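sharing a model prediction with you, sequence too.
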Amino acid sequence: MIWKSLDDFIAMGGYGFYVWGSYLVTAVIIVGEILMLRARRRAVEKTRQAQLSLSE
Amino acid sequence: MKLNWFKYAAPATFYPLAGKLIPWFAWSGAILAVAGLYLSFFVAPTDFQQGESYRIIFIHVPAAWMSMFIYIVMAGWAAAGLIFNTRLSSMMASALAPTGALFTVIALWTGALWGKPTWGAWWVWDARLTSELILLFLYLGFLALHAAIDDPRRADRASAVLALVGVVNVPIIYFSVKWWNTLHQGASVSMTMAPKMAATMLLGMLVMALACWMYSIAAALARVRCIILEREQQAEWIANLAKEPT
Amino acid sequence: MMRTLRYIVSRDVLLAMRRRADVATTLFFFVIVASLFPLGVGPDPKLLRAMAPGILWVAALLASMLSLGRLFAADYADGSLEQLVLAPDPLAVVVIGKVLAHWLVSGLPLVLISPVIALQFDLPAEAIATLLLALLLGTPLLSLIGAIGAALTVGVRGGGVLVSLLVLPLYVPVLIFGAGAVDASASGMDAGGHLSILGALLLLGMALAPWATSAALRISLE
Amino acid sequence: MMRTLRYIVSRDVLLAMRRRADVATTLFFFVIVASLFPLGVGPDPKLLRAMAPGILWVAALLASMLSLGRLFAADYADGSLEQLVLAPDPLAVVVIGKVLAHWLVSGLPLVLISPVIALQFDLPAEAIATLLLALLLGTPLLSLIGAIGAALTVGVRGGGVLVSLLVLPLYVPVLIFGAGAVDASASGMDAGGHLSILGALLLLGMALAPWATSAALRISLE
Amino acid sequence: MLEVSGLGCLRGERRLFAGVSFSLRPGGLIWIQGGNGSGKTTLLRTLCGLTPAMAGEVRWGGEPIRKLGEDYRRELTYIGHANGLKEDLSAAENLLAAAHLAGQQASRAEVAGALQGIGLAGREHLPVKFLSQGQRRRAALARLRLAHSRTLWLLDEPFNALDAHAVAGMRHIMEQHLAQGGMIALTTHQEVAIQATDAQALRLDEGSAG
Amino acid sequence: MLEVSGLGCLRGERRLFAGVSFSLRPGGLIWIQGGNGSGKTTLLRTLCGLTPAMAGEVRWGGEPIRKLGEDYRRELTYIGHANGLKEDLSAAENLLAAAHLAGQQASRAEVAGALQGIGLAGREHLPVKFLSQGQRRRAALARLRLAHSRTLWLLDEPFNALDAHAVAGMRHIMEQHLAQGGMIALTTHQEVAIQATDAQALRLDEGSAG
Ligand code: HEM
Ligand SMILES: Nc1ncnc2c1ncn2[C@@H]1O[C@H](COP(=O)(O)OP(=O)(O)OP(=O)(O)O)[C@@H](O)[C@H]1O
Ligand SMILES: Nc1ncnc2c1ncn2[C@@H]1O[C@H](COP(=O)(O)OP(=O)(O)OP(=O)(O)O)[C@@H](O)[C@H]1O
Ligand SMILES: [Mg+2]
Ligand SMILES: [Mg+2]
């Protein structure tokens, strides 16, 4: 095992800010994209249902 | 009315297919990411020059690769859309663009966070960095042009022309920037500082890159399904699509 | 009167939001122009740090100037400028509303992104703070001055380029004190003097520019 | 075909001459931007000499880009673009004519005035000669690339700013080799390599850009 | 009451018209006629104060309009050759913005009603750039349906690009305005019979049009 | 001969028209009618190849126009809603440039004659921006006087903004063209009686205009 403790893991040999900053932002961007896709999907679905109910 | 049904046919068959494929890509992306992160943080040894900061490589390099690769794939789809006038190809191109732009941002961001500890500056005007920045501008131009034209078919075709012009230019830009940088004296920091990569490091990077691949495909497919729904709301097959939410 | 002001600001901001790409584009123009300079000048960090205040301000000037086209030209072309002039409120109020909207849409985003660009040029932290403050005082002034030029060139073909000729010389004081403030602060001196002059110029601009602009508009429409 | 080319060039040049102020303005824009820098950066002559090639080229880029608005936008607004597209000649010929006229009106004057500006920055004589040659090769390329962007944004609101986002990144190689040539020559090295790449790029641009532009125009008019 | 006395206008070295005098009372309509280029548009722009008069004067309620300024502008609605619509906004948003600018309170329902009345039902929320020529003209003219409180209407070729159905609708709106005591000055090349208690016609110099 | 078969067009989610078929023989005139927004302009633009057809086909002399390209464009003259005039050039310069672009040889005298014929005598050398609305339309239409060699004329609302005198003049030019074996497709909301041996009317769907 490379890491002696959780603190050690988080500190990343003093580079914690940079390493975790990178991975955190990557995660935020990817989760953000997924959420945006989901919202877009919902919006389309809503207008579609509205149109369906109109045409019936 | 026989309104060129065959043009709708492609999205009509593709839509459910994409729906079936997405979970596969998404799950394999997630699993690969877990494996890659495990390799990156628990298997790969500490770098004797850079210390732990080098662990950024496992996200930085795959993101940089993806950013370039997606642009080329996008231009390919755009060209197909322009030449064969198939709607699905153009939709694929516009579905890929945001994901490509996001990977470019990730590459820039992680690169900057890597640069501060290694070079002492967030940013230097190095050839790779600069051409990555210009790549971001090309993506943004594509997205902005697409957003600025209201008729989606026209937007597809106009931004396809732009993507093609861009793809001719990307290598020119890359080499010109490289030359620019090597001819000038000054900040001669190179990114090949990383030592000969240990096999585990290489493996970690490859697994992470594969995870990014899977994720990109899943995201692009999900987006293309939205685009199909948005654009073809009047098409019959969409109305016939199960009336319950898909 | 306040109501009219609010309506005009909200109309123009709504219009800009309808073309969100447009707002983003002014911003990217700023970013791109700022990044072009290193490509022209070379990557030497010391040289770039010395040029940074000048580059950032020139880029801000150009971005603000480019978006002047939106201020009156479109309204003139589609006939809504006539309607604005015929509105039962003082024309200066209409002008203030339009200038405010212009700044919100093209000045403010630029102020907000400037620290990121400043990092690219490796400016120290205090210099970045000064830059932010200076841009916050300077960009509304750019919009106010630009409005005069835009109003004078309304309806003149090729106005887009002509306006730059009229407006850029007037921008020079803003450039000098704005870049001066950042420069002072980057070399560890006090930027207070420069900033207060910038503030005084802003007050002067707010007092005079709307009148000049409305006079120019009336003349252009005759 | 040559006849059509000649007619289009002469029409556009005539139009520009009718608005002589407009041509002058592109030129003045170039001069003003180049002179703003010493104001923003400060008067240190060594610094200025180091910056000169980059600044001159960035100013040329921006001036060329600004005048792109004239290329198709006006023709679109008044309906004459439709007529050009409906003309019984290949659209690429029409495009070549318009690009040529654009260069004659906004590129050439800039090439001619550049030595004067270069003197302001105290560039040595060989560097000035190189600058002239590089601009002579580079500005037509700027017009060619710019035409693609202008055609893509025709009829798009806020096109003026959008075009800059599309076009400026594509200008990068021109900027790098153009400024590189001057820089090399200013530091006593041979500029031949840069210049021949610039020439090769120009040939490539002449071969490809008219087709891309005419495709873009057709799409924009649909 | 609108009084025009001895109005004259030069353009370039050309005399467009001179000595134009008339007055317009509540309920009055004046149809300004003349060939292409005889100065009708110029006259209307002078009437609303956009172009200063070269000779003569325009008075509103006895006061020169130059002095009245905002008080005069509050009384009038001008619709020119250009429609004054923002291409990126929908007809409804355009109309709402125009009403607000003119200092009128207009609810969304009123706006929708005005657009429906003028035959744009179903097109209210489409950006104006997608509308056809005639639909744009209709959207511009819809302002009139909210402007009955403005006494004086100055209309430059209102029927341009309109189909027969829309022309009839416009005629109706104008007749209603006149019946409520409004005043209208308009130009048109089409023969449209508008019922008015007090209808005049003013023919600008014919010689110049050729 | 122009043959149109089964032409259809969508705009946004709206079906503008479908199944439009007709054919136009030398000397033939077709008047495309329909309310505002019924798709007349769209149809004309499709006929000249600016807008691609969504369904159906346009053929010229038996060949699809997409294939003919330049050979088709050499046969037609299109005058749209917009006048296609450069504001800074005079009417004469505009007309000369248009003729050259269209590949026609036109002398200065012919140009001057065409402008005089359409009633712009004395205004030929004024920059177009100073012309009145109707005078601009006349300057655009003057192209037709030089275009009798072009078989097919596609005219979108040619009578817009014209006064009665100019309308009569235009009618005369069109009749002359038809008598020489030309073909005309036009839209107009005004009732203009044009003499033609073979006159058709095509009514686009009325429902959509409201
Ligand atoms: C904002 C800053 C940065 C950007 C935009 C950036 C961009 C890129 C790009 C585009 C690549 C892919 C190049 C290729 O595959 O040919 C890459 C690879 C790489 N980068 Fe960065 N980078 C940045 C900062 C850094 C820093 C600070 C380091 C380390 C000190 C670094 C180390 C690497 C390494 C080791 C590779 C892999 C090289 C290879 O595969 O040949 N990068 N970067
Ligand atoms: N600078 C100028 N020099 C000479 N004549 C000019 C100048 N500016 C405008 N004109 C003339 O002034 C007249 C303007 O007329 P105006 O636009 O008022 O006409 P109109 O009656 O509205 O015509 P239309 O029916 O065509 O709309 C035109 O005949 C035009 O030629
Ligand atoms: N994106 C869109 N979404 C919905 N409808 C649209 C869209 N774009 C255009 N339209 C509609 O298409 C039609 C275009 O019609 P066109 O301009 O051909 O009409 P026209 O018959 O020439 O009318 P006019 O007599 O007013 O000139 C209009 O009804 C317009 O509302
Ligand atoms: Mg008129
Ligand atoms: Mg029409």
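Here it is on my side, so go on. Ligands and ions are numbered 1, 2, ... in the order given.

do the lengthiest helix in chain E and chain F meet at all?
Identified as the longest helix of chain E according to DSSP state H is helix E:164-179. Yes: Helix E:164-179 lies within reach of chain F by C-beta under 8 Å from any C-beta of the partner chain, at E:164-167. (Glycine included, C-beta is placed from N, CA and C.)

quick check: which element contains residue 21?
Because you didn't say which chain, this covers chain A. In this assignment (DSSP states H and E), A:G21 forms part of helix A:16-55.

chain E, not that one
When elements are assigned from DSSP H and E, E:S21 belongs to strand E:14-24.

can you pull the contacts of the residue of chain C found nearest ligand 4?
Per C-beta to the ion, C:G79 is where chain C lies closest to ligand 4, at 12.9 Å. With contacts taken as C-beta atoms under 8 Å, 6 or more residues apart in numbering or on different chains, C:G79 has the following neighbours: E:80-85.

how distant is stretch C:198-216 from the center of its chain?
What separates the centre of stretch C:198-216 from the centre of its chain is 13 Å, taken as C-alpha atoms, centre = their mean, to the nearest Å.

average pLDDT for it, rounded please.
In this model, stretch C:198-216 has an average pLDDT of 93.

pull out the buried positions in that stretch.
Buried residues in stretch C:198-216, counting neighbours by 16 or more other C-beta atoms under 10 Å in any protein chain shown, are found at C:198, C:201-202, C:205, C:209-210, C:212-216.

columns distance to chain D and secondary structure on top of the residues you listed, output as TSV?
Rendered in TSV, the data for these read as follows (distance: C-beta to the nearest C-beta, whole Å; DSSP: H, G, I helix; E, B strand; the rest coil):
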residue	distance to chain D	secondary structure
C:L198	14	helix
C:L201	15	helix
C:L202	19	helix
C:G205	19	helix
C:A209	21	helix
C:P210	24	helix
C:A212	21	helix
C:T213	20	helix
C:S214	24	helix
C:A215	21	helix
C:A216	17	helix
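
for the longest helix of chain E, packing partners?
Helices and strands touching helix E:164-179, by 3 or more C-beta pairs under 8 Å, 6 or more residues apart in numbering or on different chains; DSSP states H and E, are strand E:28-33, helix E:133-145, strand E:183-187.

so which of those is nearest A:R48?
Counting by C-beta to C-beta, A:R48 lies closest to helix E:133-145 out of the helices and strands packed on helix E:164-179; the figure is 27.3 Å.

got the phi and psi for the most centrally placed residue in chain B?
With distances taken as C-alpha atoms, centre = their mean, the residue of chain B nearest its centroid is B:G100 (2.5 Å). Listed backbone geometry of B:G100 is phi -60, psi -40, with angles given as degrees, to the nearest 10.

make sure it is actually in contact with B:W65.
No: with contact taken as C-beta atoms under 8 Å, B:G100 and B:W65 are classed as non-touching, separated by 11.4 Å.

quick check: closest non-adjacent residue to C:L71.
Spatial nearest neighbour of C:L71, excluding adjacent residues (C-beta to C-beta, 6 or more residues apart in numbering or on different chains): C:A150 at 4.4 Å.

report the separation between the one you found and C:V163.
Relative to C:V163, C:A150 is positioned 6 Å away (C-beta to C-beta, to the nearest Å).

residues in contact with B:T13?
Residues in contact with B:T13 (C-beta under 8 Å, 6+ apart): none are found.

now it, what's its secondary structure?
Reduced to three states with DSSP: H, G, I helix; E, B strand; the rest coil, the structure at B:T13 is helix.

ok so, going back, so the residue nearest to C:L71 touches C:Y76, yeah?
No: here C:A150 does not reach C:Y76: they are 9.8 Å apart, not a contact under C-beta under 8 Å.

the more surrounded of the two?
When C:A150 and C:Y76 are compared on other C-beta atoms under 10 Å in any protein chain shown, the one with more neighbours turns out to be C:A150, at 31 against 23.

the more buried one: which element?
C:A150 belongs to helix C:125-152 when elements are defined using DSSP H and E.

what pLDDT, on average, does that helix get?
The pLDDT scores in helix C:125-152 average 92.

stretch E:65-85 now?
88.

now the helices and strands packed on helix E:164-179 as JSON lines including distance to D:Y171 and mean neighbour count?
Supplementary listing: the helices and strands packed on helix E:164-179 in JSON lines, determined by distance: least, C-beta to C-beta, whole Å; neighbours: other C-beta atoms under 10 Å in any protein chain shown:
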{"stretch": "strand E:28-33", "distance to D:Y171": "53", "mean neighbour count": "21"}
{"stretch": "helix E:133-145", "distance to D:Y171": "38", "mean neighbour count": "25"}
{"stretch": "strand E:183-187", "distance to D:Y171": "50", "mean neighbour count": "24"}
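
among the residues of helix E:164-179 next to chain F, who's most crowded?
Of all the residues of helix E:164-179 next to chain F, E:A166 has the most neighbours under the rule other C-beta under 10 Å, reaching 25 neighbours.

was I right to think that one contacts E:R138?
Yes: under the contact definition of C-beta under 8 Å, E:A166 touches E:R138, with a separation of 5.8 Å.

quickly list what's touching both of these two.
The contact lists of E:A166 and E:R138 share E:118-119, F:36, where a contact means C-beta under 8 Å, 6+ apart.

got those residues as JSON lines, with distance to ligand 5 and neighbour count columns?
Output for those, formatted as JSON lines (distance: C-beta to the ion, whole Å; neighbours: other C-beta atoms under 10 Å in any protein chain shown):
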{"residue": "E:I118", "distance to ligand 5": "17", "neighbour count": "26"}
{"residue": "E:G119", "distance to ligand 5": "15", "neighbour count": "22"}
{"residue": "F:N36", "distance to ligand 5": "8", "neighbour count": "25"}
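
now, which of those sits nearest ligand 3?
Taking C-beta to the nearest ligand atom as the measure, ligand 3 sits nearest to F:N36 out of the shared contacts of E:A166 and E:R138, at 3.5 Å.
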